[in-house]
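A.B. asks: Here's a sequence, model it:
(chains A, B, C and D)
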2 protein chains.
Amino acid sequence: MRKPTIQDVARHAGVGVGTVSRVLNNHVAVKGATRETVLKAIADLEYTPNPHARRIAGGKSYTISVLLPVLTTEFYVRLLDGLESAFQEARYDVAIFPLLDRSRLERYLGSHTLAYQADGLVMATYNLTQMFHERRLRTQQPTVLVDAYSDAVDSSFMDNVSGGRLAGEYAVSLPGQLYAVWVETELDHLFTTRVFEDRRSGFLTAVQSAGRTVHREFTSSFDSLAARNTAATLLDDAQAAGLPCTVFASADMLAGALLDEVRLRSLKIGQDVRVIGFDDQPWAAERELTTLHQPVESMGYEAAQLLLSRLNGYKGPPRARRFEPRLIVRGSA
Amino acid sequence: MRKPTIQDVARHAGVGVGTVSRVLNNHVAVKGATRETVLKAIADLEYTPNPHARRIAGGKSYTISVLLPVLTTEFYVRLLDGLESAFQEARYDVAIFPLLDRSRLERYLGSHTLAYQADGLVMATYNLTQMFHERRLRTQQPTVLVDAYSDAVDSSFMDNVSGGRLAGEYAVSLPGQLYAVWVETELDHLFTTRVFEDRRSGFLTAVQSAGRTVHREFTSSFDSLAARNTAATLLDDAQAAGLPCTVFASADMLAGALLDEVRLRSLKIGQDVRVIGFDDQPWAAERELTTLHQPVESMGYEAAQLLLSRLNGYKGPPRARRFEPRLIVRGSA
DNA sequence: TTGTACGCGTTATCAA
DNA sequence: TTGATAACGCGTACAA
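C.D. replies: Residues are numbered from 1 along each chain as shown, chains lettered A, B, ... in the order given. Sure thing, here's the model as predicted:
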């Protein structure tokens, strides 16, 4: 049997196709009763609109491209949840583009591909808008940054400076020397992010305001081996300098490595060594990790709203939506 | 200025729209001269066909969904190169779906989304067809497996048994004890792959045929920290048992960790410890790693061809395209 | 070998 | 508030 069309629904409901379309798109000018009739007909026939027909009739693609780093972090799953729920409400499809390599990115956005057809772009973590200015990308769609900030386009992001500050303020209230571990910014100047610099500057500010200093800082790449090595080096230093100590690990992954290493050395977490993470990964609760929780879904949802308003014609200057992290105190600190 | 349509091209070339369409779709019945005229008009106007209009007129989506594990390996970049080049020739768009989590997969394929609309599915590495049988996914599109095998659907894959055998045959020709490191198969029975079992069975077969035995086997998760730990444990054992030894590391990443650890212990690579990897990652050449090279692009290209033939109506039984790895001998063994 | 005309399933417009 | 109908841009019979 053929897939039902809007015509079938209209006939079944005894109305015109225009009315069905209006119901589908939540137009105001539909009487409650007829709306019900139409909705019932849609359910009866198990009708689903043909997206391609919409796209050609509407002159839009009703598609948003989301450019994502290739990382299996819970973070991006949650971010997508927020983005997708907002776009779904507005009947937009979401196409995900993993940022596998630079040449692929240029190819994707350069020509007649799906991403190019998209009505809007969401860029997560990396601010790729500089490529636009370099004229390497010709894309002109409305763009929103999420988990990143720029004064050139709309953005929705966590206040990482504030997160660092919260960590710092809490850290100085604890006894012992202060340590910090940062994540190395990526080498390619294109795929770069400022979140770790921000966390650092917030943390240092708080520490200085309290008249304290950070005993030693470390930098590690975002990699479990590097994290483990860094944790070992840090603890060597701390044990030599004398415990207790408090470590701000600017990502839960780094904090996890520290927890491992502390256990390995039979030291007491939350006593000899206090650890503050960042992210509140799903495992953070069971490992009793004190960390900063980010409202990731909200951040995604809001980013989507910013983009949707542009698609609906909003022309104002770039807007920034700043979200605040929350310190979750658990056993590790 | 408005985006040019097929009408504009026809007018500019002084032909009918039908002719332009035929040129676009490589139909045979077009005279060489008129084809040239049309092509020139297309170039002059910088015309690009509207994919949505095609989709509705043709009744197909001209889109292929590729389901990929979220791994930044060179492997998947190359695989996509092969897939995309084939699909592009046939004027199909490719949508990438990162396998972020299980629920997202179900959502993607479950209803009115982009993936569902696709004319065909490519599944890389993981064989998700069992979900279809469990009726968790209702998708009925033609499907092809790449880097995985199943007798239920078309597949294009490397002969990992043969790769293991090649490694084994070479390994037994070298002096010293034999070691092997395997990659732990994932826990979730859904996201699982047989490639490492296959490499193992091929390797063991070759070793046994030569009347030799593997001194000790290790298993590591696909993670640089675990790889490093495994490398250390292995070398402890090997140094105690007496060098030289030969190690088959079933993935270059594992081999790389071994190389690091060997250097750390001031042992001689290719002399005290011989290492054979698998994958031929870009860095393998400069690190002088003996490894197995996979024709990844070809594998992707062929997978695409298998799927395209189904889309063009081919109804035969599932076909398997087997590719052979090639041993690249370098300094490490 | 080529041009014309119709149909695909929507949205948008306009008159009722 | 609604229904009829004209686009939207392309593929494809069918006729020439």
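A.B. asks: Correct me if wrong: A:Phe218 contacts A:Leu234.
C.D. replies: Yes. With contact defined as CB atoms under 8 Å, A:Phe218 and A:Leu234 form a contacting pair (5.6 Å). For the C-beta atoms, the positions are set from N, CA and C on the backbone; glycine is no exception.
A.B. asks: which of the two has more neighbours?
C.D. replies: A:Leu234 (25 against 17; other CB atoms under 10 Å in any protein chain shown).
A.B. asks: Name the residues of the stretch 201-333 of chain A found near chain B, please.
C.D. replies: A:Asp223, A:Ser224, A:Leu225, A:Ala226, A:Ala227, A:Arg228 (CB under 8 Å from any CB of the partner chain).
A.B. asks: Who are the contact partners of the first one?
C.D. replies: Under the criterion of CB atoms under 8 Å, 6 or more residues apart in numbering or on different chains, the contact partners of A:Asp223 comprise B:Ser224, B:Leu225.
A.B. asks: That one and B:Ser221, how far apart?
C.D. replies: 14 Å (CB to CB, to the nearest Å).
A.B. asks: on that earlier part again, most neighbours of all the residues of the stretch 201-333 of chain A next to chain B, which one?
C.D. replies: A:Ala227 leads those on contacts (other CB under 10 Å) with 26 neighbours.
A.B. asks: That one - that's part of a helix, no?
C.D. replies: Yes. Assessed with DSSP: H, G, I helix; E, B strand; the rest coil, A:Ala227 lies in a helix.
A.B. asks: so what's the backbone phi/psi at the residue lying closest to it once chain neighbours are set aside?
C.D. replies: Nearest residue to A:Ala227, sequence neighbours excluded (CB to CB, 6 or more residues apart in numbering or on different chains): A:Ala257, at 3.7 Å. Backbone geometry at A:Ala257, expressed as degrees, to the nearest 10, gives phi -60, psi -40.
A.B. asks: Helices of the stretch 201-333 of chain A, start to end?
C.D. replies: A:224-241, A:252-264, A:296-311 (DSSP state H, counting those that start in this stretch).
A.B. asks: got the buried residues for the second one?
C.D. replies: Judged by neighbour count (16 or more other CB atoms under 10 Å in any protein chain shown), helix A:252-264 contains these buried residues: A:Asp252, A:Met253, A:Leu254, A:Ala255, A:Gly256, A:Ala257, A:Leu258, A:Leu259, A:Asp260, A:Glu261, A:Val262.
A.B. asks: Might you report the residue contacts of the most centrally placed residue in chain A?
C.D. replies: Central residue of chain A (CA atoms, centre = their mean): A:Leu79, 4.3 Å from the mean position. Residues near A:Leu79 by CB under 8 Å, 6+ apart: A:Ala124, A:Val146, A:Asp147, A:Val296, A:Glu297, A:Met299, A:Gly300.
A.B. asks: Tell me the one among those residues nearest to DNA strand C.
C.D. replies: Nearest to DNA strand C out of those is A:Gly300 (CB to the nearest atom of the strand; 24.9 Å).
A.B. asks: ok, that closest one - contacts?
C.D. replies: By CB under 8 Å, 6+ apart, the contact set of A:Gly300 is A:Arg78, A:Leu79, A:Leu80, A:Asp81, A:Gly82, A:Leu83, A:Ala86, A:Val146, A:Ser156.
A.B. asks: In chain A, where is pLDDT below threshold?
C.D. replies: A:1-2, A:72, A:109-116, A:131-139, A:186-191 (pLDDT under 70).
A.B. asks: For A:Arg11, see how far away A:Val20 is.
C.D. replies: Applying CB to CB to A:Val20 and A:Arg11 gives a distance of 10 Å.
A.B. asks: Between these two, which has more neighbouring residues?
C.D. replies: A:Val20 (28 against 16).
A.B. asks: Which residues of chain A lie near DNA strand D?
C.D. replies: Residues of chain A lying near DNA strand D by CB under 7 Å from any atom of the strand: A:14-19, A:22, A:28-31, A:33-35, A:56-57, A:59.
A.B. asks: now the contacts of A:Leu79 as a markdown table including distance to B:Leu308?
C.D. replies: Below are the contacts of A:Leu79 laid out as a markdown table (distance: CB to CB, whole Å):
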| residue | distance to B:Leu308 |
| --- | --- |
| A:Ala124 | 33 |
| A:Val146 | 36 |
| A:Asp147 | 38 |
| A:Val296 | 39 |
| A:Glu297 | 39 |
| A:Met299 | 41 |
| A:Gly300 | 36 |
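A.B. asks: tally of neighbours for A:Tyr314?
C.D. replies: With other CB under 10 Å as criterion, A:Tyr314 counts 13.
A.B. asks: With A:Val144 as the reference, measure out to it.
C.D. replies: For A:Tyr314, the distance to A:Val144 - CB to CB - is 12 Å.
A.B. asks: ok, back up a step: can you verify the residue nearest to the centre of chain A is assigned to a helix?
C.D. replies: Yes. Under three-state DSSP, A:Leu79 sits within a helix.
A.B. asks: Closest one of the buried residues of helix A:252-264 to DNA strand C?
C.D. replies: Of the buried residues of helix A:252-264, the one sitting nearest to DNA strand C (CB to the nearest atom of the strand) turns out to be A:Asp252, at 42.9 Å.
A.B. asks: so the closest one touches A:Asp279, yeah?
C.D. replies: Yes. The pair A:Asp252 / A:Asp279 is scored as a contact, 4.2 Å apart, by CB under 8 Å.
A.B. asks: Determine the residues that are contacts of both of the two.
C.D. replies: A:Thr291.
A.B. asks: Please name the nearest non-neighbouring residue to A:Ala285.
C.D. replies: A:Arg330 (7.2 Å).
A.B. asks: For that neighbour, grab the count of nearby residues.
C.D. replies: 18.
A.B. asks: Got the phi and psi for it?
C.D. replies: phi -130, psi -160.
A.B. asks: looking at it, it is touching A:His293, isn't it?
C.D. replies: No. A:Arg330 lies out of contact with A:His293 (CB under 8 Å); the separation is 10.9 Å.
A.B. asks: circling back to that earlier point, and the residue nearest to A:Ala227, how close does it get to A:Leu24?
C.D. replies: 51 Å.
A.B. asks: Could you do A:Arg78 as well?
C.D. replies: 30 Å.
A.B. asks: about what we covered before: which pair in the contacts of A:Leu79 spans the largest distance?
C.D. replies: Spatial extent of the contacts of A:Leu79 (CB to CB) is set by the pair A:Ala124 and A:Glu297 at 13.3 Å.
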